[in-house]
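# fold the stuff below for me.
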Amino acid sequence: MPKQQKPELNEIAAVEKDIFMDYIGKTLLNPDKVLKSESGGKGIELYSDLLRDAKVGSTLQTRRLAVTGKEWEVIPASDKPQDVKIADYVREVLKAINLDAYRRAALSGLVLGFKPCEIMWDYSEGDIFISTIIPRASRRFVFDLKNNLRLITLSNMVEGEEVPEKKFQIFTNPSDDGTPYGDGLGRILYWPVWFKKNAIKFWMIFADKFGSPTAIGKYPAGTTKDQQDALLGALEAIQQESAIKIPNTMVIELLEAARQGSVNTYESLCNFMDRQIAQVMLGHTGTSESTPGKLGGEDAANEVREDYIKSDADLLCESENNQMIRWIVDYNFPGVPRNAYPKVWIRTEPEEDLKSLAERDKILAVDIGVPIGEKYFYDTYGIPSPEEGEKVVIPARPESFLPEGLPASGNDRKTFSEKSILSPDQQDIETLADNSISAAALDLSPLQKIIDSATSYEDLQKKIKDAYGSLDLTQFRTILERALFLADIKGRSIQ
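Residues are numbered from 1 along each chain as shown. Got it, this is the predicted structure:
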């Protein structure tokens, strides 16, 4: 038998061996090239400034609210009582805090690259739980060569100080190179925001220059310095005053600036940069690229938006499941195996139309006869299954679809609207219906078999003629009347 090969267990391309990676002592520097060349020593604070841009802020808010507005659940590792108990405890801990506020702050890590939040633990009667989660500025933290978080302090402004374990929940926008700083969208957003900011600055200068003409003051030779200053003051007053006075030896003229090119140049540039920002943040510029009268652009935008929502929700859940959820379990249920940790899950799928879904299920289960388990209906429609011994509401329906052991008709059958014992008249009707069905069914069994075995209308005619051809018209009419009576009674009895 060949000897089993063993894989290499050690890390080969470690950070310490990366000749292109910058680090100082124990501190791993952020490899983002935009931060290195453009931040001017501000570091990741440069990307925090981007969040003040109207387009970046609004599109980030769109992504935040799309996730925090969804329902969430804690899923136990299995149906075992212990695993269910653990999941229930974690769920109660998360419900007791402002989870949406923390998640909105954490999602700023999409632009920044990473966002740390400090967990404030509390202890009571043997239970360890979270009292609150406080977002912290990303600029205050660095990572060491082992990807451990370190806090920059006045006493250690380069390498930072080591932080306690299980204290900081970190949301990271994944990096293609595995850096703990993440790949923030800020590195892509920086230049569109920068160009737009400068375009607006020159647009304001343009508006000031061409919105009102430039005043020119002319004075004769020999005018004193004081008189020249008075003329300049009059020129400045033109911008604010409705009337001025000057000596008749001086002249004031208004100079209109000559424009070249379109006056919409700056506006077009700013709109273009906003579309670039929307493309980065939302994956689509929305209606600005849609064809009027057609839904193609809107449909594509919705599909991309759903992908982004699911991706953001999955990133949040993954970070919480790998950090905060495990820590809650470790503190309160020590010794739990790794496969027993519950998982938090955010529902991002659009809500199904239950009415159309119910119609589909009715066709499959009733009309076609596809076997479907009861658990499917309870889970799909969010209906709690009845507890043992609990009274249930059962509508009247055809005998073939009644649960096993349930009476199909008569005094023992209870319908949704039935609140009391049947009156004598009602009981007589029910009894007559049951007896009529039984009597008619005995006489019509041959006809029923013929109908069931017929393959076409012509085949049915032939088989009826062969079976009842010897009967006269009166006898055959009686057979048909009984058949119609049977159908009518059956219909009434199941309404």
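
# where is the longest strand in the protein?
Longest strand in the chain by number of residues (criterion: DSSP state E): strand 114-124.

# show me what that strand is packed up against.
For strand 114-124, the packing partners by 3 or more Cβ pairs under 8 Å, 6 or more residues apart in numbering; DSSP states H and E come out as helix 99-106, strand 127-135, strand 168-172, helix 324-332. C-betas here are computed from N, CA, C, even on glycine.

# how close does Asp208 get to Lys115?
40 Å (Cβ to Cβ, to the nearest Å).

# ditto for Leu316
Taking Cβ to Cβ, one finds Leu316 at 11 Å from Lys115.

# list residues touching both of the two?
106-107, 171 (Cβ atoms under 8 Å, 6 or more residues apart in numbering).

# this protein: strands as residue ranges?
Taking DSSP E as the test, the strands found in the chain are 23-24, 27-28, 72-75, 114-124, 127-135, 141-144, 149-153, 156-162, 168-172, 214-218, 251-255, 343-346.

# which stretch in those has the least confidence?
When the strands of the chain are compared by mean pLDDT, strand 251-255 comes last with a mean of 71.

# comparing Leu316 and Lys115, which residue is more hemmed in?
The neighbour comparison of Leu316 against Lys115 (other Cβ atoms under 10 Å) goes to Lys115, with 25 against 21.

# of all the helices and strands packed on strand 114-124, which lies closest to Ile216?
Closest of the helices and strands packed on strand 114-124 to Ile216 is helix 99-106, at 55.5 Å (criterion: Cβ to Cβ).

# wait, what's in contact with the residue nearest to Ala66 when sequence neighbours are not counted?
Distance criterion Cβ to Cβ, 6 or more residues apart in numbering; nearest residue to Ala66, sequence neighbours excluded, is Ile309 at 4.7 Å. Residues in contact with Ile309 (Cβ under 8 Å, 6+ apart) are 63, 66-67, 70, 348.

# if we use 7 Å, what do you get?
Going by Cβ atoms under 7 Å, 6 or more residues apart in numbering, Ile309 touches 66-67, 348.

# any chance of those residues in CSV, plus pLDDT?
Putting the contacts of Ile309 into CSV (pLDDT from 0 to 100) gives the following:
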residue, pLDDT
Ala66, 91
Val67, 93
Thr348, 85
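
# dump those residues into a markdown table; add distance to Ile44 and neighbour count as well.
Listed next are these as a markdown table, based on distance: Cβ to Cβ, whole Å; neighbours: other Cβ atoms under 10 Å:
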| residue | distance to Ile44 | neighbour count |
| --- | --- | --- |
| Ala66 | 25 | 19 |
| Val67 | 22 | 25 |
| Thr348 | 29 | 20 |
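
# for those, which one is nearest Met250?
Out of the contacts of Ile309, the member with the shortest distance to Met250 (by Cβ to Cβ) is Ala66, at 65.0 Å.

# ok, how many other residues are close to Asn173?
21.

# go on, Ile12?
Other residues close to Ile12 by other Cβ under 10 Å number 6.

# measure it to Asp22 for me?
From Ile12 over to Asp22 the distance is 20 Å, taken as Cβ to Cβ.

# how is this protein partitioned into domains?
Per the record, the chain has its domains at 22-185+310-322, 214-255, 409-493, by automatic domain parsing.

# okay, these, which one's buried deepest?
domain 22-185+310-322 (a mean of 17; mean count of other Cβ atoms under 10 Å).

# any stretches of the stretch 251-400 of the chain with poor pLDDT?
In the predicted model, the stretch 251-400 of the chain carries pLDDT under 70 at residues 254-263, 286-301, 350-354, 382, 394-400.

# helices of that one, residue ranges please.
Per DSSP state H, counting those that start in this stretch, the stretch 251-400 of the chain carries helices over the ranges 265-282, 296-322, 324-332, 354-362, 374-381.

# in JSON lines: those, plus distance to Glu458.
As requested, the helices of the stretch 251-400 of the chain are exported to JSON lines (distance: least, Cβ to Cβ, whole Å):
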{"stretch": "helix 265-282", "distance to Glu458": "64"}
{"stretch": "helix 296-322", "distance to Glu458": "50"}
{"stretch": "helix 324-332", "distance to Glu458": "69"}
{"stretch": "helix 354-362", "distance to Glu458": "33"}
{"stretch": "helix 374-381", "distance to Glu458": "42"}
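
# before we move on, the earlier item: show me how far the longest strand of the chain is from its chain's centre.
In terms of Cα atoms, centre = their mean, to the nearest Å, the centre of strand 114-124 is set 24 Å apart from its chain centre.

# can I get that strand in PDB, CA atoms only?
Written as PDB, here are the backbone C-alpha positions of strand 114-124 (Å, rounded to 0.1, in the frame of the first residue of the first chain):
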ATOM      1  CA  PHE A 114     -12.100  47.900   8.100                       C
ATOM      2  CA  LYS A 115     -14.200  49.200  11.000                       C
ATOM      3  CA  PRO A 116     -13.500  48.100  14.600                       C
ATOM      4  CA  CYS A 117     -16.300  48.300  17.200                       C
ATOM      5  CA  GLU A 118     -15.700  47.800  20.900                       C
ATOM      6  CA  ILE A 119     -17.800  45.300  22.700                       C
ATOM      7  CA  MET A 120     -18.900  46.300  26.300                       C
ATOM      8  CA  TRP A 121     -19.400  43.000  28.200                       C
ATOM      9  CA  ASP A 122     -21.500  42.800  31.300                       C
ATOM     10  CA  TYR A 123     -21.900  40.100  33.900                       C
ATOM     11  CA  SER A 124     -24.900  39.100  36.100                       C
END
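
# got the angle for that strand vs helix 324-332?
Between the axes of strand 114-124 and helix 324-332, defined by axes from the mean of the first three to the mean of the last three Cα atoms, to 10 degrees, the angle is 30 degrees.

# so which residues make contact with strand 114-124?
102, 105-106, 108-109, 128-136, 138, 141, 149, 167-172, 180-182, 324.

# wait, which of the helices and strands packed on strand 114-124 is closest to Val93?
strand 127-135 (4.8 Å).

# that closest one pairs with which strands, parallel or anti?
Strand pairing for strand 127-135, using DSSP bridges, gives strand 114-124 (antiparallel).

# run the angle between the strand it pairs with and strand 149-153 for me.
Calculated by the same axes, to 10 degrees, strand 114-124 forms an angle of 90 degrees with strand 149-153.

# got the angle between strand 114-124 and strand 168-172?
Using the same axes, to 10 degrees: strand 114-124 against strand 168-172 is 150 degrees.

# great, nothing more from me.
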